[in-house]
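*Asks:* Quick one: sequence plus predicted model below, questions after.
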Amino acid sequence: MMNLRFGVSTWLWTSPFTTETVALFPKIRQMGFTVVEVPAEYPELIDGKAVKQALDAAGLQAVVCAAMGPARDLTHEDPQVHQNTFAYLRQCMDLCNDLGAGFVAGPLYSAVGKARQLPPEKRRAEWELAVQNLHTASQMAAEQGLSLALEPLNRFESDLVNTAEDVVRLVQDINHPAAKVMLDSFHMSIEEKDPGAAIRKAAPYLIHFQVSENHRGIPGTGQTPWGAYRSALQEIGYQGVISIESFTPEVKELAGAVCIWKPFAPDQDTFARQGLSFLQNTFS
């Protein structure tokens with residue numbers, strides 16, 4: 001029997017996360033979630049100690065997710081951008097410590113949206129930059145008792161790390177115990193030939209799992225092979241969080257970034273409730 005917890009990203013309702021976003025926490029807990037994903041788009045807008053108090057009051061645990069924009073890119077040709085990214089990741093790690101979260105999750109290797117045709121030597125150079133800089137970031141995390149959960153993205157959002165095989169190779173090249181993996185069923189629905197095999201490939205490093213439908217909608221309303229996910233996660237003995245990550249079409253900047261042009265539910269609360277009910281029935 002899997003000992004799973006279910007979470008949801010506050011991106012389902014709003015962006016960016018600020019200290020005031022904790023107003024969502026009681027509702028999220030009342031729905032039945034026990035974990036909330038905190039997207040750290042602008043850490044300076046988040047009072048970690050106040051958020052921790054709100055988490056405790058609601059009975060929730062937190063996962064901290066990084067948001068990697070153009071100025072946060074460990075594969076950039078400008079070393080100053082690397083330094084900016086390290087400074088940002090340090091803020092995320094500080095937030096983890098404030099909230100009692102064990103890792104920073106996300107596509108920490110590069111800016112989201114880099115999808116280019118590159119010559120092989122340029123691609124290799126960016127890979128080596130990612131490996132070198134993520135080793136440094138892993139050491140930073142380890143010094144604070146934390147890990148990094150590195151996320152593959154689909155080909156339209158990254159040209160560097162798209163599959164479980166890619167991210168496992170990245171982690172093995174980084175060669176640091178703090179370098180771990182997260183997977184996301186949305187990206188997997190685009191990139192993986194066999195989602196069960198992908199989960200088994202990532203198993204030694206897998207510490208977080210995000211879900212939505214293949215169209216980013218409510219889990220259970222699309223083409224995702226949920227039985228394959230359940231079987232593989234059970235086989236590897238996954239004991240972490242399964243967390244819904246989708247986005248509200250009401251925040252135009254966020255919706256535009258992830259190409260969501262229409263709602264997937266009558267309202268976002270319905271999305272969360274129906275999604276959680278489906279996940280509980282599927283995985284519990």
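*Replies:* Nice, I can see it.
*Asks:* Which helix runs longest in the protein?
*Replies:* Criterion DSSP state H: the longest helix present in the chain is helix 120-143.
*Asks:* And that one, what does it pack against?
*Replies:* Using 3 or more Cβ pairs under 8 Å, 6 or more residues apart in numbering; DSSP states H and E as the contact criterion, the elements in contact with helix 120-143 are helix 79-99, strand 147-150, helix 164-174, strand 179-184. Every C-beta, even on glycine, is put in place using the N, C-alpha and C of the backbone.
*Asks:* Walk me through which strands the last one pairs with, and which way each runs.
*Replies:* This points to strand 179-184. Strand 179-184 sits in its sheet next to strand 147-150 (parallel), strand 206-211 (parallel), going by DSSP bridges.
*Asks:* quick one, that strand and helix 120-143 angle?
*Replies:* Interaxial angle of strand 179-184 relative to helix 120-143 (axes from the mean of the first three to the mean of the last three Cα atoms, to 10 degrees): 110 degrees.
*Asks:* so for the next helix or strand after strand 179-184, what's the average pLDDT?
*Replies:* Per DSSP states H and E, the first helix or strand lying C-terminal to strand 179-184 is helix 185-191. Averaging pLDDT along helix 185-191 yields 98.
*Asks:* Show me what counts as buried in the longest helix of the chain.
*Replies:* Neighbour counts using 16 or more other Cβ atoms under 10 Å place 126-127, 129-131, 133-135, 137-138, 140-141 of helix 120-143 among the buried residues.
*Asks:* residue contacts, residue 237?
*Replies:* For residue 237, the contacting residues are residue 2, by Cβ atoms under 8 Å, 6 or more residues apart in numbering.
*Asks:* which residue packs closest to residue 85, ignoring adjacent ones?
*Replies:* residue 72 (4.7 Å; Cβ to Cβ, 6 or more residues apart in numbering).
*Asks:* right, and that neighbour touches residue 109 too?
*Replies:* No - the criterion here is Cβ atoms under 8 Å, and residue 72 misses it with residue 109 at 10.4 Å.
*Asks:* what about these two, which has more around it?
*Replies:* Between residue 72 and residue 109, residue 109 has the larger neighbour count (other Cβ atoms under 10 Å), namely 29 against 23.
*Asks:* tell me the secondary structure for the more buried one?
*Replies:* coil (DSSP: H, G, I helix; E, B strand; the rest coil).
*Asks:* Torsion angles phi and psi at it?
*Replies:* For residue 109, the backbone dihedrals (degrees, to the nearest 10) come out as phi -80, psi -20.
*Asks:* Isn't it up against residue 162?
*Replies:* No - in this structure, residue 109 is not within contact of residue 162 by Cβ under 8 Å, at 11.6 Å.
*Asks:* and residue 215, how many residues sit next to it?
*Replies:* Neighbours of residue 215 (other Cβ under 10 Å): 15.
*Asks:* Tell me who's in contact with it.
*Replies:* Residues near residue 215 by Cβ under 8 Å, 6+ apart: 222, 264.
*Asks:* Roughly how far does it sit from residue 120?
*Replies:* Distance of residue 215 to residue 120, given as Cβ to Cβ, to the nearest Å: 33 Å.
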